[in-house]
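Participant: below is the sequence, then the predicted model.
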Number of protein chains: 4
Amino acid sequence: MGLTKPFLDTISTESTRGPLNLITDVPGVSVGQTTFNSGTHHTGITVVKPTDDNVFLNKLPAAAHVINGFGKSTGLVQINELGTLETPIVLTNTFAVGTAETALAETMMAENPAIGDTTSTVNPVIMECNDGDINDIRDVFITKKDVLNTLHQTSQTVAEGTVGAGVGMSCYDLKGGIGSASRVINIDGKPFTMGALVLSNYGFLRDLNIYNVPVGEKLATDKAEKRQKEKGSIVTVLATDIPFNSRQLTRIAKRASVGITRTGAFIGNGSGEIVLAFSTANRVAHYPKTELTAQTAITDDKIDRYFRMTVSVVEEAILSVLTHATTVTDRKGNPRLSLHDALQAYQAEHADPEVARLQAQLGI
Amino acid sequence: MGLTKPFLDTISTESTRGPLNLITDVPGVSVGQTTFNSGTHHTGITVVKPTDDNVFLNKLPAAAHVINGFGKSTGLVQINELGTLETPIVLTNTFAVGTAETALAETMMAENPAIGDTTSTVNPVIMECNDGDINDIRDVFITKKDVLNTLHQTSQTVAEGTVGAGVGMSCYDLKGGIGSASRVINIDGKPFTMGALVLSNYGFLRDLNIYNVPVGEKLATDKAEKRQKEKGSIVTVLATDIPFNSRQLTRIAKRASVGITRTGAFIGNGSGEIVLAFSTANRVAHYPKTELTAQTAITDDKIDRYFRMTVSVVEEAILSVLTHATTVTDRKGNPRLSLHDALQAYQAEHADPEVARLQAQLGI
Amino acid sequence: MGLTKPFLDTISTESTRGPLNLITDVPGVSVGQTTFNSGTHHTGITVVKPTDDNVFLNKLPAAAHVINGFGKSTGLVQINELGTLETPIVLTNTFAVGTAETALAETMMAENPAIGDTTSTVNPVIMECNDGDINDIRDVFITKKDVLNTLHQTSQTVAEGTVGAGVGMSCYDLKGGIGSASRVINIDGKPFTMGALVLSNYGFLRDLNIYNVPVGEKLATDKAEKRQKEKGSIVTVLATDIPFNSRQLTRIAKRASVGITRTGAFIGNGSGEIVLAFSTANRVAHYPKTELTAQTAITDDKIDRYFRMTVSVVEEAILSVLTHATTVTDRKGNPRLSLHDALQAYQAEHADPEVARLQAQLGI
Amino acid sequence: MGLTKPFLDTISTESTRGPLNLITDVPGVSVGQTTFNSGTHHTGITVVKPTDDNVFLNKLPAAAHVINGFGKSTGLVQINELGTLETPIVLTNTFAVGTAETALAETMMAENPAIGDTTSTVNPVIMECNDGDINDIRDVFITKKDVLNTLHQTSQTVAEGTVGAGVGMSCYDLKGGIGSASRVINIDGKPFTMGALVLSNYGFLRDLNIYNVPVGEKLATDKAEKRQKEKGSIVTVLATDIPFNSRQLTRIAKRASVGITRTGAFIGNGSGEIVLAFSTANRVAHYPKTELTAQTAITDDKIDRYFRMTVSVVEEAILSVLTHATTVTDRKGNPRLSLHDALQAYQAEHADPEVARLQAQLGI
């Protein structure tokens, strides 16, 4: 659903929110999530299924962009070589990547008996962040069955905040997690959609800036922030039915970093910031019938408005994380405050009108 | 000199301004500029000389990063392969690149009789923006002699704004040009410096945001902005005596994009955004005496504070462009307003207290 | 042991074979292998342990190079960002990657209680080829315990051919697998070593050329080769105690492709050709005590002889695969001939003197 | 014309020579050359004009690949970002790059009054090698007029060997220069063409291997080769009317390196090895009329035979350089022998039957 209040969009004036304001506004895209949130286990799985048919047989143009490579996502090498996505995308914690990879490979094999037999193997895409501040990540808790279940239970609904892969994530030292938003734009009179889903685990509190309010600085001063080193990450999935080719999707993916830094971050050393973008407009057949195929594409000359749309949808998805996430107790028994709760506590003492305005604008 | 008023730094608390607040605070770095600003000629040359000795014989670790590649800079291929800079850097307009390249090659040959005779050739680095909105760029006006003169007249002084290669440049549709700033940081008890020099020709007015004031939106609404397509660019030169190796300089260079987008831009399609970073701390001998050499380097584990410093110095350099640039009459006889003049005009009508505060903070 | 007969080296005259002629000639490097070779299971695990101490605490400069990205190796993103290797390297079949990743992460956690608790996570490096032509790869047979056992049983011995991860691999449509070789070179009077280990699963029979004998063409004509599409891969691990930095290791890694194509291949679409190179000469502390460290490095100016050495050691490692591999019966009951057996059969009919000479030169 | 005798093609069995066996077999492609070969001036210009209409208004999908980046080619940054070529390609010596860039920019402006006025600037592509061993490269002899003349005198004829930009080039320490070849392949029943033009200035004599004859080793032993350091380069231009998109052209361009190393080279440190590939099958409008366009493309799944074709056409183009080049007297008065003359001299003494066979096969 993105923000409950209208996003104050200062970058993209030509696009509007999609009906659900979720990545699932892109036709065919569905999302599944499994949440573990008890004891020292604060972790989970989020799956983005890019099409409702067999994506291995009819692949999608795709591109991956590494903003900062302190990350363990898999599948990017082949996406960059061939420019195609051929599996759902699984998001989870860093140490569940292997389990998720095995589960996703098995699902693909089950749906495609030819894989590994009469045709090639398959390229599973797993993306991750380290939820170890909150979750006992050393206790590798997620099973293959958990991943398989999540893969088979996708829908158009996307819960946000402290959910799925986002349960144990932090964002600007506040509670992070899953966020999503979408934009619709008209091309030659027809509506096209771009959706973002982020797994947000990055940033230092003192840098947080929302709607021109340096809210992080206010909160950090108050709380005498001590953390010095980035151990976070942010994974961004961009889905669209706009006919970008893979080179253009790389360019689109690069603009996600503008959305990410617009709330104040500087891309820390320890942050794995990876963007995966795909388009459902053209399909690439696994068994092509002809050598030549016709593909529709946007002209780069007109691409600026899509760049703006990308920045906008990523920025809202991140704010959506912050506004939907709820306070959790971390593995050491300390609370990791939601933005909502942090602002409440701050206001109890400060009654800062600038913060009050922001609370109203964000609806929290 | 950077900003005349203190830069309101929200990203780098560990670094302070250098004594000159210019790229020339880095020991050995000097800058030369030649300005043409009459009739339809609004163009020029800015040279960054990285050392005061023979940089060909003792090269510098360096890295180039392409934020968006709609640009014509030369020399980047070799820098990325070998990780070294072996010439001064010449900044000029797009169509003077060839002339500048010839002039720089000749200078290097004159200073190094071995080049092209008993040793290899040399890799001239020319960086450019398109000043064609203001300058009659089709009239290729700059001569080899102009470039040679500029190369031979470098000093620690750096004029900013409408000067050198920046004469005909725009920034957020206002008058752009040259800007510089520097930062000092302590490492193991000793001060080290990083300086930035930008040639700023990018951005759309409506996106401009300074110190959390959406000043571009205010001005753009007022002026019914019509420009739709980015034809700009921004070239950033980062100099430092911090001992980064070339891989680390790539990481540093990438953070320049955060500084660039912090004032509101989204990295347009037509923008050539290139960053060149070099370190003077280690030298790479053209004629090495031994196969093995020892090089000092920062550990990546501690690199965050240098990332912050980079964002900060680039952001100030861009604001320095905007505050130093003066209104010019473009090749079609229309004024290209400086930020100063645009704000004055706006305030004459609106008397906006937020803008008044910003004017005071910027000292314009 | 590499080739049993002297390698006819036409590219590197300054280097000589190491004492074992194995990657384990590089001090500290050890290898472990587990082999499954019965029924339809023809697969296994090969581990390269880069140091005999804790590589997480004292990381190694490293670089990955993707020759062709139709592959599923993990860990490359972080290696390229940080330029360091912090785990052993596990080679296995494509669908065992997830299991191997989980096992390697667990091993690293067991050895380093701080991982995922008080410090960051860890970046497991798994490399793979598709052994599905010979092995029933859909039956994901390898367990976490198998990988853990292999990780804990490394030594200086390296069996070659149909062994470890190489059991089910093909090479130029003949039996492929594991191969290794090493080279020693003098630098400033002291010996330094480079070793290669390849998992070789690439190439079309008709392209095979050894010692200027187009042996593939001879064999292919004879056997009416029918395979049209590359489904193979080749993974190359390069270890050295020569002090290359990570940028230089990238350059070294790129030369592996010359070694790979010298036996006739053209880098097919479906081939995942990945090179991982590391140097044990400098260590990068996980907990650095100072911000500045001194690192020894080769000068690029003298790097040609190391490029030649790289080409040479990779070429011999590939020939070593072909000469050590033994015929296996594939999952469909057909023999996959070793080069030895294929040449024997050919000679029984043709008695070609050129082939006879080659057999003698290769000692098969 | 490529080789005068049939090329012994061991890599591409599905393609045949084009009618001219030149890059100009690709419809629309023409070549112009200017040669300076007297006194100490042994240099020149070679132009590849990619279309016979206005390539700026209707750009071509293109890609650049850097095999080794010790080179000074210009224009690659923008090609990699936008995936298009919008000018002819000028090849010349390293120090004439600036002059060529200015000349090419002027030509483009003359043909397109909008450039730098109502539309963007233009991205000139200049590629180079260092002919300084033979030519007095420090005497920058080539003028803007020379380049302009060459740009205006292109045709389907391509002289090879010691001509144009190739006059002063070396190849495997023998006389190098310009070479070209072409291949025709059938797609869905229709013929399509790929052509290569190389400016070949790379390699060490002792490494040269032609048709499985280690001819370089024979000649080098004889002549006591002394050169130790690569100062060469090889620039490859690949033209085709096969509808590859820019990502695919990158993959095609990478296979040029296989063709280059098949004659024995190892990609030396000092070698600038750059490949530029373009396709004339789809055009990218500078002034697009619609946002969406349809583009034909090959499927990657079938790309292997085009990879083979690329390797083949590049290998023949290099052999064509060696067989067409004629002995020149270098700037110091020493002869730089052609392969023809070197083999003649060798045979006068050795009468080696293997060499005699090679001479016959090459027709020299």
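Facilitator: Received, thanks.
Participant: which stretches of the stretch 251-364 of chain A form strands?
Facilitator: A:272-279, A:284-285, A:292-298, A:328-329, A:335-336 (DSSP state E, counting those that start in this stretch).
Participant: for D:Gly168, find the nearest of the ones you listed.
Facilitator: Taking Cβ to Cβ as the criterion, D:Gly168 comes closest to strand A:292-298 out of those, the separation being 42.4 Å. C-beta here means a position set from N, CA and C on the backbone, and glycine is covered the same way.
Participant: got a list of what A:Ala62 touches?
Facilitator: For A:Ala62, the residues meeting the contact criterion (Cβ atoms under 8 Å, 6 or more residues apart in numbering or on different chains) are A:79, A:83-85, A:246, A:249, A:276-279.
Participant: swap in A:Glu81?
Facilitator: For A:Glu81, the residues meeting the contact criterion (Cβ under 8 Å, 6+ apart) are C:66, C:68-70, D:251.
Participant: spell out which residues of the stretch 251-364 of chain A are next to chain B.
Facilitator: By the criterion of Cβ under 8 Å from any Cβ of the partner chain, the positions of the stretch 251-364 of chain A lying close to chain B are A:251, A:254-255, A:257-258, A:261-262, A:264-270, A:300-301, A:303-304, A:307-308, A:311.
Participant: picking up where we left off before, now the weakest link among the strands of the stretch 251-364 of chain A, please, by mean pLDDT.
Facilitator: For the strands of the stretch 251-364 of chain A, the weakest mean pLDDT is recorded on strand A:292-298, namely a mean of 91.
Participant: quick one: buried residues of it?
Facilitator: Neighbour counts over strand A:292-298 (16 or more other Cβ atoms under 10 Å in any protein chain shown) mark A:292-293, A:295, A:297-298 as buried.
Participant: okay, now the unreliable bits of chain A?
Facilitator: Applying pLDDT under 70 to chain A flags the ranges A:222-230.
Participant: now go through the contacts of A:Glu81 and say which are in strands.
Facilitator: Of the positions in these, C:66, C:68-69 sit in strands, assigned by DSSP state E.
Participant: can you add distance to chain D and give the buried residues of strand A:292-298 back as CSV?
Facilitator: Rendered in CSV, the data for the buried residues of strand A:292-298 read as follows (distance: Cβ to the nearest Cβ, whole Å):
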residue, distance to chain D
A:Leu292, 5
A:Thr293, 6
A:Gln295, 6
A:Ala297, 6
A:Ile298, 6
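Participant: just give me the closest of those residues to chain B.
Facilitator: Checking the buried residues of strand A:292-298 against chain B with Cβ to the nearest Cβ, the nearest one is A:Ile298 at 10.8 Å.
Participant: gap between that closest one and A:Leu85?
Facilitator: Here the criterion is Cβ to Cβ, to the nearest Å. By it, A:Ile298 lies 18 Å from A:Leu85.
Participant: on that earlier part again, near chain D too, which of the contacts of A:Ala62?
Facilitator: When the contacts of A:Ala62 are filtered against chain D using Cβ under 8 Å from any Cβ, the residues retained are A:83-84, A:246.
Participant: can I get those residues in TSV with secondary structure, neighbour count and distance to A:Arg17?
Facilitator: Below are the ones next to chain D among the contacts of A:Ala62 laid out as TSV (DSSP: H, G, I helix; E, B strand; the rest coil; neighbours: other Cβ atoms under 10 Å in any protein chain shown; distance: Cβ to Cβ, whole Å):
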residue	secondary structure	neighbour count	distance to A:Arg17
A:Gly83	coil	25	29
A:Thr84	strand	21	29
A:Ser246	helix	26	27
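Participant: out of the residues you listed, flag the one nearest to C:Asn334.
Facilitator: Set against C:Asn334, the nearest of these by Cβ to Cβ is A:Thr84 (31.6 Å).
Participant: in PyMOL, how would I select the buried members of the ones in strands among the contacts of A:Glu81?
Facilitator: A single PyMOL command is used to select the members of those judged buried by 16+ other Cβ under 10 Å:
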select buried, chain C and resi 66+68+69
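Participant: considering only the ones in strands among the contacts of A:Glu81, which also neighbour chain D?
Facilitator: Taking Cβ under 8 Å from any Cβ, the overlap between these and the neighbourhood of chain D is C:Asn68.
Participant: can you classify the one residue sitting closest to the centre of chain A by secondary structure?
Facilitator: Central residue check for chain A by Cα atoms, centre = their mean: the C-alpha nearest the mean position is that of A:Val198, 1.9 Å away. Look at A:Val198: counting by DSSP: H, G, I helix; E, B strand; the rest coil, its state is strand.
Participant: bridging residues for it?
Facilitator: Assessed by DSSP bridges, A:Val198 has beta-bridge partners A:Gly179, A:Thr236.
Participant: wait, what's in contact with A:Ala345?
Facilitator: Going by Cβ under 8 Å, 6+ apart, A:Ala345 touches A:Leu337.
Participant: what's the spacing between it and A:Leu337?
Facilitator: Between A:Ala345 and A:Leu337 the distance is 7 Å, computed by Cβ to Cβ.
Participant: roughly how far apart are the residue nearest to the centre of chain A and A:Leu82?
Facilitator: Counting by Cβ to Cβ, the gap from A:Val198 to A:Leu82 is 25 Å.
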